[in-house]
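S.K.: pasting a predicted model and its sequence here:
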Amino acid sequence: MDRPASRAGVDAAAFRSAMRQLAGGISAITVGQDDDRTGLTVTSVSSLSADPPSLVFCINRSSSSWPVLVRRRTFAVNVLSPAQIGVAERFSGRGGAKGAARYEGVRWSRLVTGTPVLRDALAVLDCEVEELVERFGSAVVIGRVVAAEVRVEAAEPEALAYWRGTYGILRL
């Protein structure tokens, strides 16, 4: 029988390597409005409750989106399709785009909170911050969903996924 792992801790590189084995759907989190807007790419948005409709995601508190989220207290989840890898790249900070520049080149609209939502996303969820739980250098964001829409019904069911540091397409 194998011995249990030591409680002394796990090497950060080993932890990151293990976590890269989890495939995740890709969403762009939009935060703010007008010139005071930014956003980030996340791979783990999870449903918290259907009653009331709520969800969770995590954010690094050193992210440029963190102070805007804290100040504005609203955000939107934009579930990305395989055609939106460019949006995922921009919102992840690759290429150096920051703030409002992350929104260039695609069409946006607004729902209840006024936070921009991607017109061609697979689905959008407009949210108000319910709670921010700060731990270590990150925070768990609990959002109350105030509006939700399925935007695109794909002819072929496909989703944008992220696994082992690479974007891929999940087909059913």
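M.R.: On my side now, so go ahead. Residues are numbered from 1 along each chain as shown.
S.K.: can we go C-alpha only for contacts and neighbour counts from here?
M.R.: Noted.
S.K.: so where's this structure shaky on pLDDT?
M.R.: Flagging of the chain using pLDDT under 70 yields the residue ranges 1-8, 152-156.
S.K.: for it, what spans make up the strands?
M.R.: 24-25, 27-33, 36-42, 46-50, 53-60, 74-79, 108-110, 116-118, 123-135, 138-150, 158-163, 166-171 (DSSP state E).
S.K.: can you tell which of those is closest to residue 90?
M.R.: strand 36-42 (8.3 Å; Cα to Cα).
S.K.: and that closest one, what's buried?
M.R.: Neighbour-count burial for strand 36-42, counted by 16 or more other Cα atoms under 10 Å, picks out 37-42.
S.K.: over to stretch 132-151?
M.R.: 132, 138-146, 148.
S.K.: just put the strands of the chain in a markdown table and tack on distance to residue 93.
M.R.: Converted to a markdown table, the strands of the chain look like this (distance: least, Cα to Cα, whole Å):
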| stretch | distance to residue 93 |
| --- | --- |
| strand 24-25 | 18 |
| strand 27-33 | 11 |
| strand 36-42 | 8 |
| strand 46-50 | 22 |
| strand 53-60 | 13 |
| strand 74-79 | 16 |
| strand 108-110 | 19 |
| strand 116-118 | 18 |
| strand 123-135 | 21 |
| strand 138-150 | 17 |
| strand 158-163 | 16 |
| strand 166-171 | 15 |
